[in-house]
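Participant: Dropping a prediction and its sequence here:
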Amino acid sequence: MRASAAAAVLVLCALGGAPAAQAPGSAAPYTVLSREGRRPLAARVMAGQEMFALDELARLFNLTIREDAAAGGLTVTAGNQTIVLSAGQSLASVSGRLISLPAPPAHEGRTWYVPVDFVTRALGPALTTRVELRKPSRLLLIGDVRAPRVVGRMDPLGSATRLTLDIAPATPHTISQEAQRLIVKFEADTLDVALPASTSPDLVQNIHQGDTPSSIAIDLGPKFATFRTSDVPGDRGAGRLVIDIAGQATEVTQPTPPGPPAQPPTEIPPLIDLVPSGTLRAIVIDAGHGGNEPGAKGPGGALEKDVTLAVARRLKGTLEGRLGIRVILTRDGDATMGLDERAAVANNNKADLFVSLHANASMRPGVSGAEVFYLSLDEYGDAAQRVAKGDSESLPVFGGGNRDIEMILWEMAQARYIQESAALAQGVESALREHVPMSARAIQRAPLRVLVGANMPAVLVEMGFITNAAQEKQLTSDDFQNRVVQALVGAITRFRDAHVPAPVSGAR
């Protein structure tokens, strides 16, 4: 074998160091993804095969390369493993085990090149870290980097359209609406995506990678009205996210002659009812503090205003996706807002529920646990009790006679909803208890100004004590925030299904 290898070296020298009859050409670079970040890795086409420069791989994987001119081969050392390559041979010996390659190593000038498959076929088994080459996406993953493959397709559904995202492996994600966009954020380092072109520009104008490597943005069209999502398990550990996007109602037009019947999409769950059910049509989520009012600060520097906004955005996306209802944020950025202004947002939007999110603080660093508050009327005396009972005043009207008028001062707006607020608070406390640690005083009544003017059932949720070092880490983690969101969505769903308040005349 040494003689044939030496002959191969002579042939290479006679050809001026180029083993291929075809001149080398450039190819699109690959992207290397690792915990340290991303970087390009150049590729070349030689003899019809994509190649990596062995020197580049040596720098990337800390390899040692030794050329044996007499034997016409190369020795590549990776840790305590040895890979032997021979010129003219489409084989590699990995610690004595032969591995086939799609092409032999190539030599140009002082640089050796190996087929891109060398990375996974020969180098991968010799390394102690995970290596994955994805040729169609031109990605090289190193280590435990998370880069799920996301493949999308669109299907028309009458006045709606359906976007289906197949995710391998199944990866936790959240969906939120930001202005005229839906944002799907994955708990990943980056995404390996193949996204479809829009087939319904009135509803969806474009689908593309978002502002972060782990998100997908769906640009909504001018006729977008609402959306609903569902998650279904896929095969072999994959997941599937189905997003049904509905348009605004349009006038009925004359039918056009039917064309060939379209093939129904396979393995897709039935169209989700996009009409909001129950009595909830709109919910206001209040992200506490903001702007020049940062709220409480944790020992690690986390700010209450940042935690509340992050959870509010997650909660908005999940509520809209699962319940198909309108969700308004009192703030969707780092803005300063007064307490009465927050309730005014809910009143002006005729919201059915008001949920204010906060992170607690204590002088004792060991205090922890979530708490739920609703308004106490004790500070407002007999007037609040009369409003809570729905009493009205008889006033004279133009033309003679009297009329019963319900006059509600701003400070009394919440009084008539105390019972519903108490029921909502109990439901939220029960749901949170299933997902996150709770305080010893999990449910409380207090004269909180932010709740006073809310003209609908309203609660304030202290998600945990940010002044507790361990809980500060929880409050800023994706896992904890998602558990809070799951609990709140469950509580609101149960409140919707079980608590149907009678309409109050003149309440709005």
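Facilitator: Yep, that arrived.
Participant: only C-alpha atoms for contact and neighbour calcs from this point on.
Facilitator: Noted.
Participant: for the chain, which spans come out with low pLDDT?
Facilitator: Along the chain, segments meeting pLDDT under 70 span 1-24, 70-71, 234-235, 249-279, 378-412, 499-508.
Participant: quick one, what contacts the residue nearest the centre of the chain?
Facilitator: Nearest to the geometric centre of the chain sits residue 185, at 2.1 Å (Cα atoms, centre = their mean). Contact analysis of residue 185 by Cα atoms under 8 Å, 6 or more residues apart in numbering lists 173, 174, 175, 214, 215, 216.
Participant: again, 10 Å this time
Facilitator: Going by Cα atoms under 10 Å, 6 or more residues apart in numbering, residue 185 touches 172-176, 210, 212-217, 314.
Participant: out of those residues, which are inside strands?
Facilitator: Taking DSSP state E, the ones among these that sit in strands are 173, 174, 175, 176, 215, 216, 217.
Participant: returning to that earlier point: part of a strand, is the residue nearest to the centre of the chain?
Facilitator: Yes - looking at residue 185 with DSSP: H, G, I helix; E, B strand; the rest coil, it is inside a strand.
Participant: Residues in a beta bridge with it, which ones?
Facilitator: residue 174, residue 215 (DSSP bridges).
Participant: Distance of it relative to residue 347?
Facilitator: According to Cα to Cα, to the nearest Å, residue 185 stands 31 Å off from residue 347.
Participant: name the element residue 422 belongs to?
Facilitator: helix 418-433 (DSSP states H and E).
Participant: Look up which helix or strand residue 320 falls in, please.
Facilitator: Here residue 320, judged by DSSP H and E, is contained in helix 304-323.
Participant: following that helix, which helix or strand shows up next?
Facilitator: strand 326-329.
Participant: So what touches that following strand?
Facilitator: 177, 226, 276, 280-287, 309, 312-313, 315-320, 342, 345-346, 349, 351, 353-356.
Participant: Relative to it, what are the paired strands and their orientations?
Facilitator: Strand pairing for strand 326-329, determined by DSSP bridges: strand 282-287 (parallel).
Participant: next one: the partner strand to chain centre, how far?
Facilitator: How far strand 282-287 lies from its chain's middle: 20 Å, per Cα atoms, centre = their mean, to the nearest Å.
Participant: Test of understanding: give the bridge partners of residue 84.
Facilitator: Beta-bridge partners, per DSSP bridges, of residue 84: residue 75, residue 93.
Participant: whoops, residue 150 was the one
Facilitator: residue 167, residue 193.
Participant: Residue 304 reaches residue 292, doesn't it?
Facilitator: No - using Cα atoms under 10 Å, residue 304 makes no contact with residue 292, being 12.0 Å away.
Participant: Would you check that residue 53 makes contact with residue 109?
Facilitator: No - applying Cα under 10 Å as the test, residue 53 and residue 109 come out as separate, 11.7 Å apart.
Participant: quick one: which of the two has more around it?
Facilitator: residue 53 (21 against 8; other Cα atoms under 10 Å).
Participant: Quick check: bridge partners of the more buried one?
Facilitator: Assigned bridge partners for residue 53, using DSSP bridges, are residue 113.
Participant: Likewise for residue 287?
Facilitator: Assigned bridge partners for residue 287, using DSSP bridges, are residue 357.
Participant: residues making contact with the helix or strand harbouring residue 473?
Facilitator: Residue 473 belongs to helix 469-475 when assigned by DSSP H and E. Applying Cα under 10 Å, 6+ apart, the contact partners of helix 469-475 are 297-304, 307-308, 310-311, 359, 365-369, 436-437, 463-466, 468, 477, 480-481, 484.
Participant: shouldn't residue 77 be in contact with residue 63?
Facilitator: Yes - the criterion here is Cα under 10 Å, and residue 77 meets it with residue 63 at 5.7 Å.
Participant: Overlap of the contact sets of the two?
Facilitator: Between them, residue 77 and residue 63 share the contacting residues 123, 127, judged by Cα under 10 Å, 6+ apart.
Participant: who's more crowded, these two?
Facilitator: Legend: neighbour count by other Cα under 10 Å for residue 77 and residue 63, higher for residue 77 (21 against 18).
Participant: For the stretch 201-350 of the chain, which segments count as helices?
Facilitator: 304-323, 339-348 (DSSP state H, counting those that start in this stretch).
Participant: possible to save these as CSV with mean neighbour count and distance to residue 450?
Facilitator: Listed next are the helices of the stretch 201-350 of the chain as CSV, based on neighbours: other Cα atoms under 10 Å; distance: least, Cα to Cα, whole Å:
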stretch, mean neighbour count, distance to residue 450
helix 304-323, 23, 15
helix 339-348, 19, 5
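Participant: Same list (the ones you listed) but as TSV, adding distance to residue 377.
Facilitator: Shown next, in TSV, are the helices of the stretch 201-350 of the chain (distance: least, Cα to Cα, whole Å):
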stretch	distance to residue 377
helix 304-323	26
helix 339-348	17
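Participant: so which of those helices gets nearest residue 428?
Facilitator: Closest approach to residue 428 among the helices of the stretch 201-350 of the chain is made by helix 304-323 (13.6 Å; Cα to Cα).
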